[in-house]
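Q: Quick one, fold the following:
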Amino acid sequence: MRAVASQWGTIAWLAVVWVLLWGDLSVANVLVGLVLGVVVTTGLRMTPIAFHGRVRPLGVARLFGRFALDVVRASFEVALLALRPRYTPRGAVIGVQLRSHSDLYLTMTAELCSLVPGSLVVEAHRLTGMLYLHVLDVRQAGGIEAARQAVLDQEERVLRAFASDDELLQAGLPAHRTRQEVTA
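A: Numbers count the residues shown, from 1 in each chain. The predicted model follows:
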């Protein structure tokens, strides 16, 4: 019972997702969602990932604002690729060494990169912090180094949204951004 009490937020979130998937807000759907949430959180125990950071609202806004912009831009670019006759995209698998050594930030960075059309994480080495991504068209991405830098920029936005000052310093980033970095 203690496990259920400590996971109440996750259980509630799973119930909300269940109701949204069914598209019908009813007492039965909410109860089934709650029961499934309890079953998932107690029956499928996962190793907890420690969060030592803090949520920075401005950083979160920048992260999700830029993510939305990237998704829209990349969607148009992929659509144009699909519509261009006789153009063969030059794909590549690139390796990117992340600066943070946290499983949480590695996972968040990998997921956000995979959700942007035109790139897909094919492997993540948890111990080394290395991400391997398939880039649909390296030329359109601005080259291999530009694609790597885009991943590192995504990681920096994740860290600036959720990491503690110590975690930022360990990743080689200043704890507070200068005015020049904010406007760039």
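Q: Which parts of the protein are helices?
A: Secondary structure of the chain by DSSP state H: the helices cover 2-6, 8-22, 27-43, 57-83, 103-115, 138-141, 144-162, 165-170, 179-183.
Q: Straight-line length of stretch 46-65, end to end?
A: 30 Å (CA to CA, to the nearest Å).
Q: picking up where we left off before, among the helices of the chain, which comes closest to residue 96?
A: Checking these against residue 96 by CB to CB gives helix 144-162 as the closest, at 4.4 Å. Placement of C-beta: from N, CA and C, glycine included.
Q: which of the residues in that closest one are buried?
A: Judged by neighbour count (16 or more other CB atoms under 10 Å), helix 144-162 contains these buried residues: 147-148, 150-151, 154-162.
Q: do the same with stretch 47-56
A: 53, 56.
Q: Break this structure down into its structural domains.
A: The chain is divided into the following domains under automatic domain parsing: 2-43, 57-183.
Q: residues touching the nearest residue to residue 91 once chain neighbours are set aside, list them.
A: Leaving aside its chain neighbours, residue 91 sits nearest to residue 136 (5.6 Å; criterion: CB to CB, 6 or more residues apart in numbering). Residues near residue 136 by CB atoms under 8 Å, 6 or more residues apart in numbering: 78, 81, 89, 91, 117-119.
Q: Same question for residue 172.
A: Neighbour list for residue 172: residue 99 [criterion: CB under 8 Å, 6+ apart].
Q: Next one: it relative to residue 88, how far apart?
A: For residue 172, the distance to residue 88 equals 38 Å [CB to CB, to the nearest Å].
Q: a markdown table for the helices of the chain, including mean pLDDT and distance to residue 124?
A: What follows is the helices of the chain, written out as a markdown table (pLDDT from 0 to 100; distance: least, CB to CB, whole Å):
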| stretch | mean pLDDT | distance to residue 124 |
| --- | --- | --- |
| helix 2-6 | 63 | 28 |
| helix 8-22 | 88 | 23 |
| helix 27-43 | 91 | 23 |
| helix 57-83 | 94 | 18 |
| helix 103-115 | 93 | 5 |
| helix 138-141 | 88 | 19 |
| helix 144-162 | 95 | 11 |
| helix 165-170 | 92 | 18 |
| helix 179-183 | 51 | 27 |
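Q: These: which one's closest to residue 49?
A: For the helices of the chain, the distance to residue 49 is smallest for helix 103-115, at 4.8 Å, taking CB to CB.
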